[in-house]
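have a look; sequence and predicted model below, questions after that.
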Amino acid sequence: MNKSSFFIVGQHAVMEALRNPKRKVLRVFLTEESKKNIHRKNPKKNILKDVKVYFKTKKELDKYTGRDEINHQGFVAEIEHLKDFGLNISVVLKKN
């Protein structure tokens, strides 16, 4: 299995990765405001537990989105690829 990692950006994508027990989140980069949002939206569970969290400014997080002008909303995470589930999907074509 390839243990390569990649970055995801945006509030929804990062929060769902943190909530997913099958997802390995290596590092999370947040602004101070986005940390407050995580705790507001998950008051009963600390989804940042067992994750390395780094606080950055909005300008520092802009570097992770490159020149694509993607809105990170103060949330960036480095995650590992999910394991290959070994699904074997075959398509059967019906001849008319």
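Alright, I've got the coordinates. Numbers count the residues shown, from 1 in each chain.

burial count for the residue lying closest to residue 57 once chain neighbours are set aside?
Closest residue to residue 57 apart from its sequence neighbours, by CB to CB, 6 or more residues apart in numbering: residue 31 at 6.7 Å. For glycine as for every other residue, the C-beta is placed from the backbone atoms N, C-alpha and C. Applying other CB atoms under 10 Å, we find 20 residues neighbouring residue 31.

you'd agree residue 31 is up against residue 76?
No - using CB atoms under 8 Å, residue 31 makes no contact with residue 76, being 9.7 Å away.

got the phi and psi for residue 54?
For residue 54, the backbone dihedrals are phi -120, psi 130 (criterion: degrees, to the nearest 10).

name the helix or strand for the most centrally placed residue in the chain, please.
Residue closest to the average C-alpha location in the chain (CA atoms, centre = their mean): residue 14, at 3.4 Å. Taking DSSP states H and E as the criterion, residue 14 maps to helix 11-19.

which strands or helices does that helix pack on?
strand 25-30, helix 32-41, strand 75-80 (3 or more CB pairs under 8 Å, 6 or more residues apart in numbering; DSSP states H and E).

what's the distance between residue 17 and residue 77?
Noted for residue 17: a distance of 6 Å to residue 77, by CB to CB, to the nearest Å.

picking up where we left off before, where do the contact lists of residue 31 and residue 76 overlap?
Shared contacts of residue 31 and residue 76 (CB atoms under 8 Å, 6 or more residues apart in numbering): 56, 61.

before we move on, the earlier item: shared neighbours of residue 17 and residue 77, which are they?
With CB under 8 Å, 6+ apart, residue 17 and residue 77 have common neighbours 8, 25.

before we move on, back to that, quick check: chain neighbours aside, which residue is closest to the residue nearest to the centre of the chain?
Computed as CB to CB, 6+ apart, the closest residue to residue 14 that is not its neighbour in sequence is residue 75, at 4.0 Å.

same deal with residue 74?
Using CB to CB, 6+ apart and skipping the chain neighbours, the partner closest in space to residue 74 is residue 34 (3.3 Å).
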